[in-house]
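Student: next comes the sequence, and after it the predicted model I'd like to discuss.
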Amino acid sequence: DKKQSRPNITAGRMSFFYDNKTNSLQLGDDQLKKGLERLAEQTPKNPIKGKDEGIAVPLWSIIAVGALVGALMAGNCIFFNMLRQINAKTHPADDKKSGKSASASGKASGGSKRSTSEKNKKDKVSAGSSSKSSSKSVKKSAKKAAKKNESCRSSKSLSTKSCASAAGPTSVKVVAVAPPKKETTPLPKDEVATLMQTRGGTAALPERSLDRRIEMPMTEEEFILAMKRVIEFVISYYRNPNQYPVSSAIRPNDIFNQLPQRAPDDPERFEHVWHDFHEIILKGCLHWQHPRFHAFFPCGRSYPDILAETIISSLGTVGFTWSANPAITELDTAMVNWTGRALGIPEPFLFRGTDTSASEGGGWIADTASDAIFCAIMAARNVKIEEVLTKLKVMEDKPITESTRHISKRYEKRAEILSKLVAYGSYESHSSFEKACKMACVRCRPIKVFEEHEWGMKRADVEKEMDKDVQRGLIPFYLHCALGTTSTATSDHLAELTPLKEKHKVWIHVDAAYAGSAWVVEKYRKNEGLDKVDSININLHKFFLTSTSVTLFWTKRQRDYKECFRIDPAYLKKKSGANDNRDWGIPLSRRFKSLKVYMLLRMYGLNGMRAYVTRLIEMTEYMETLVTKIPHIRKFGKTNYALFCVQYHEEGMAKEQVNAATNRLCQFINDSHKMVLTHSNVRGHDILRIAVTLERSTKKDIEESVAIFIQLLEEFKKKKAADANFLGADMSSTSKENLLQDVDMGIVGSPNPTLSKKPTNVKSTISGESLVGPRTAASHLHSALTSATQASTMVPSRTVTSPVPLTNISALTTVQLEAPPATHPAAPAANKMPPLALAFEDPSSKSGGTSSYNAPVSEGPRLRTPPPPPPPPA
């Protein structure tokens, strides 16, 4: 009783009293107090907070406290897991829809899903009533936060202060009670499918504010839906390649003038961009993946390549050195060997041994054949210059420093040697060879080819020109051999050309850009002598189903080749033993192109590639048998790989008339926008190149193309018979420009080194007609113009009749064509070239050979030129 001052309490032999001052019980008997103190000294002490009193803790209390702590921790985990799940749901309404669809699908699928859901419910019940109450409160608070920060959740991938403060940690999506093992986890497997299912129709995501779109132009949800549209387009374009016209009727600058002059300041929605892509850009495309596209060459495309391109863009990496991205360098090296062995490239051209940088052979993945050819010429040029310098034993008077290396004796001698280097290639070589010679500042000597040699370059013709140049004091250094020429896909006679390598110490490069990919099928490997050359390039974006541009380059002289391109700045320090891509060519930055080759070879396999190449060539041969049976169509040369060539020919036509009619027929077909062909010229013969390019071409596609070709040919004949100027009005302006184009004599052609004055009208060697004297060029042009004019005024020798029914194509003439679109208006008369007169004297008094280049331009009548344009207004 606290009211009494000193209440006495007796318990046995001990007497206690309550002390109000200390608020505690005190012993009343001093003797007992002393006895208890002695007893306490003999027992072990358990001091608590500095006191001497001992406390005995029962075991069951420890277990109870542990259980309580465990329950609190479990409740805490459940609380935060529920919070994260609720914050991860961007659109609660969509979650309800997906839940309804999931329940409906569960009813249809049977009792297995019901049992799974019941099991999940039992697991939730076992969590305890405390977790239920906490989860309900969490849901209520999370829903309020969701309504308040809806726009923030829609861009949850963006880490900003506002999102972090409003929605909490959303970078990790936890779908289980247990905490994740990693800081970041991939999207749930069904998130993309669920989003596409719920938002795949006409429904769109809620509009975000401009500030949010500037902060995050595209969210994950928006990207998923945009990618869905892109995937649908890819599949539709694959399945229905003829849903678009093969070519467009637009004129130059049409698309440019439809686009704004400047980029938009604010982000635009994907729907707007996608609309303009279809309405402006796609309408101006020439569709290479079309059944009526028979021009140029097969342009690769495949599903593995599309997948690889997506991955490459998502990685966003650059592989100029091994350290910059080891995977790019290592995979590039492996794909050089994979592709080389698949195409039958000799082993000395591949990487061998465990150290790829020390291998004698090797290669890299270039962009195009033009890059590969230019790099080959530069490497050959550097090798030849160093070889001549060593032979001349050019010595320096004093050590070369950074400031004096450009005025050293070796440097001056290099410039002198460079002016004498000559590269050799066929007239039928691709124009990239001539362009590479111009950029490398070396002379380009074109070699004539003849029909009896199947338009291929022969050793006797090359050797003759090399010997002449050596006598002039020039230095042969490079021989360009084409396997699969651009115009006819024919090949130079490589086996008999390789001995020239030892005789004149030239670098021999093989340009197999077109034919090389077909070597995956062994019977198409027409490459005898390939093991004797120095370097090879092949375009995989033709036959090999990789999209533009992937070119493989091999050389068996890796060290000599790299010496031309090796530069070692401090910021590109090389890893020991690494095969840096930057040492293989001009570009420093490299895309992950080897991933395209890797995925294609693994997902198609070599047998899949062989089946594709064989089918495409068989379709070409089938089309050739149909087209060459059409009256007035004459085959030109042989069918090579997936290409054959034809001419328009009527009885009694001269060569110039055949050329004019063939050239005009090609333009007439292309202007119809029903089919696309390519025109070319082989040593003065105009031809139509017809190629089968679509990967999934069938006989039905081929027969439809032939039917369209027949009907367009009939329309062409009617126009030709009705209009006397139909052929004469179409003398190619390109041919005129090539005949009259002046080029640098020190770059193209091989002039006499004793010339004191450079001629001013040497003609283009490869891209033009020929390397001929001025008088000869003018006379050729005058003859062509005269013959074309005569042909346009000739009365047809016989009436034009419909083609006789032929085997396999008798039913094709019944195909109905749509009316061709209106043609573009003719160019104004002011743009027409004035008539040309014979410009120079008869060259009979001049000596043959290269001396015809020195024909004096001051003699004879001048070329008439149009009057100068009026001065611009002030």
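Tutor: Received the coordinates, thanks.

Student: would you confirm that residue 317 contacts residue 325?
Tutor: Yes: if you go by CB atoms under 8 Å, residue 317 and residue 325 touch, sitting 4.9 Å apart. (C-beta placed from N, C-alpha, C; glycine too.)

Student: give me the common contacts of these two.
Tutor: residue 592 (CB atoms under 8 Å, 6 or more residues apart in numbering).

Student: of these two, which one has the most company?
Tutor: Higher neighbour count among residue 317 and residue 325: residue 325, with 18 against 13, using other CB atoms under 10 Å.

Student: gap between that one and residue 316?
Tutor: For residue 325, the distance to residue 316 equals 11 Å [CB to CB, to the nearest Å].

Student: helix, strand, or coil at residue 644?
Tutor: Assigned with DSSP: H, G, I helix; E, B strand; the rest coil, residue 644 falls in the strand class.

Student: nearest residue to it other than its sequence neighbours?
Tutor: residue 624 (4.5 Å; CB to CB, 6 or more residues apart in numbering).

Student: buried set for whichever strand or helix holds the one you found?
Tutor: Assessed by DSSP states H and E, residue 624 sits inside helix 594-627. Neighbour-count burial for helix 594-627, counted by 16 or more other CB atoms under 10 Å, picks out 594-601, 604, 609-610, 612-613, 616-617, 619-620, 622-627.

Student: can you check stretch 455-465 too?
Tutor: Buried, per 16+ other CB under 10 Å, within stretch 455-465: 455-459, 461-463, 465.

Student: same check on stretch 78-85?
Tutor: 78, 81-85.

Student: that older thread, packing partners for the helix holding residue 624?
Tutor: helix 303-315, helix 326-342, strand 633-640, strand 643-648, strand 685-691, helix 699-722 (3 or more CB pairs under 8 Å, 6 or more residues apart in numbering; DSSP states H and E).

Student: angle of it against helix 326-342?
Tutor: Counting by axes from the mean of the first three to the mean of the last three CA atoms, to 10 degrees, helix 594-627 points 30 degrees away from the direction of helix 326-342.

Student: give the next helix or strand downstream of the helix or strand harbouring residue 536.
Tutor: Assigned by DSSP H and E, residue 536 falls within strand 535-539. The helix or strand immediately downstream of strand 535-539 is strand 551-555, counting by DSSP H and E.

Student: strand partners of that next one, parallel vs antiparallel please.
Tutor: In the sheet, strand 551-555 lines up against strand 362-366 (antiparallel), strand 535-539 (antiparallel) (DSSP bridges).

Student: give the phi and psi angles for residue 479, as a check.
Tutor: For residue 479, the backbone dihedrals (degrees, to the nearest 10) come out as phi -120, psi 120.

Student: what's the pLDDT at it?
Tutor: Turning to residue 479, the model gives it a pLDDT of 96.

Student: for residue 585, same thing?
Tutor: pLDDT, residue 585: 85.

Student: returning to that earlier point: wait, which of the buried residues of stretch 78-85 is closest to residue 274?
Tutor: residue 85 (33.4 Å; CB to CB).

Student: am I right that that closest one falls within a helix?
Tutor: Yes: counting by three-state DSSP, residue 85 is part of a helix.

Student: residue 78 versus that one, what's the distance?
Tutor: For residue 85 relative to residue 78 (CB to CB), the value is 11 Å.

Student: ok, now residue 666?
Tutor: 76 Å.

Student: then residue 594?
Tutor: Distance from residue 594 to residue 78, by CB to CB: 49 Å.

Student: low-confidence bits of the stretch 651-800 of the chain, can you list those?
Tutor: Judged by pLDDT under 70, the stretch 651-800 of the chain has its weakly predicted residues at 728-800.

Student: let's see 80
Tutor: Along the stretch 651-800 of the chain, the parts satisfying pLDDT under 80 run over 724, 726-800.

Student: which residues of it fall in strands?
Tutor: Using DSSP state E, counting those that start in this stretch, the strands of the stretch 651-800 of the chain run over 678-682, 685-691.

Student: could I get the ones you listed as CSV with mean neighbour count?
Tutor: What follows is those, written out as CSV (neighbours: other CB atoms under 10 Å):
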stretch, mean neighbour count
strand 678-682, 19
strand 685-691, 23
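
Student: show me the one of the ones you listed that comes nearest residue 294.
Tutor: strand 685-691 (5.0 Å).

Student: for the closest one, enumerate the helices and strands it packs against.
Tutor: Partner elements for strand 685-691 (3+ CB pairs under 8 Å, 6+ apart): helix 594-627, strand 643-648, helix 655-671, strand 678-682.

Student: let's see that with 10 Å instead.
Tutor: helix 594-627, strand 633-640, strand 643-648, helix 655-671, strand 678-682, helix 699-722 (3 or more CB pairs under 10 Å, 6 or more residues apart in numbering; DSSP states H and E).

Student: and the angle from the third one to strand 678-682?
Tutor: Yep, that's strand 643-648 we're talking about. Using the same axes, to 10 degrees: strand 643-648 against strand 678-682 is 80 degrees.

Student: now the second one
Tutor: On the basis of the same axes, to 10 degrees, strand 633-640 is oriented at 80 degrees to strand 678-682.

Student: tell me the strands beside strand 633-640, with direction?
Tutor: Short version: by DSSP bridges, strand 633-640 pairs with strand 643-648 (antiparallel).

Student: relative to residue 290, which of the buried residues of stretch 78-85 is nearest.
Tutor: Nearest to residue 290 among the buried residues of stretch 78-85 is residue 85, at 49.7 Å by CB to CB.

Student: any stretches of the stretch 1-150 of the chain with poor pLDDT?
Tutor: 1-61, 80-81, 83-150.

Student: swap the cut-off to 70 and go again
Tutor: In the stretch 1-150 of the chain (pLDDT under 70), the answer is 1-36, 38-57, 87-150.

Student: alpha carbons of stretch 295-314, in PDB - could you do that?
Tutor: The C-alpha trace of stretch 295-314 is given here as PDB (Å, rounded to 0.1, in the frame of the first residue of the first chain):
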ATOM      1  CA  ALA A 295      17.900  -5.700-113.100                       C
ATOM      2  CA  PHE A 296      21.400  -5.500-111.600                       C
ATOM      3  CA  PHE A 297      21.900  -8.500-109.300                       C
ATOM      4  CA  PRO A 298      20.300 -10.500-106.500                       C
ATOM      5  CA  CYS A 299      20.300  -8.300-103.400                       C
ATOM      6  CA  GLY A 300      20.500 -10.400-100.200                       C
ATOM      7  CA  ARG A 301      17.700 -10.500 -97.600                       C
ATOM      8  CA  SER A 302      16.700 -13.100 -95.100                       C
ATOM      9  CA  TYR A 303      15.100 -13.400 -91.700                       C
ATOM     10  CA  PRO A 304      18.300 -14.200 -89.900                       C
ATOM     11  CA  ASP A 305      19.900 -11.100 -91.400                       C
ATOM     12  CA  ILE A 306      17.000  -8.900 -90.200                       C
ATOM     13  CA  LEU A 307      17.300 -10.300 -86.700                       C
ATOM     14  CA  ALA A 308      21.000  -9.700 -86.700                       C
ATOM     15  CA  GLU A 309      20.500  -6.100 -87.800                       C
ATOM     16  CA  THR A 310      18.200  -5.500 -84.900                       C
ATOM     17  CA  ILE A 311      20.600  -6.900 -82.400                       C
ATOM     18  CA  ILE A 312      23.500  -4.900 -83.900                       C
ATOM     19  CA  SER A 313      21.600  -1.700 -83.600                       C
ATOM     20  CA  SER A 314      20.500  -2.500 -80.000                       C
END
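
Student: could you pull out the buried residues of it?
Tutor: For stretch 295-314, by 16+ other CB under 10 Å, it's 295-302, 304-306, 308-309, 312.
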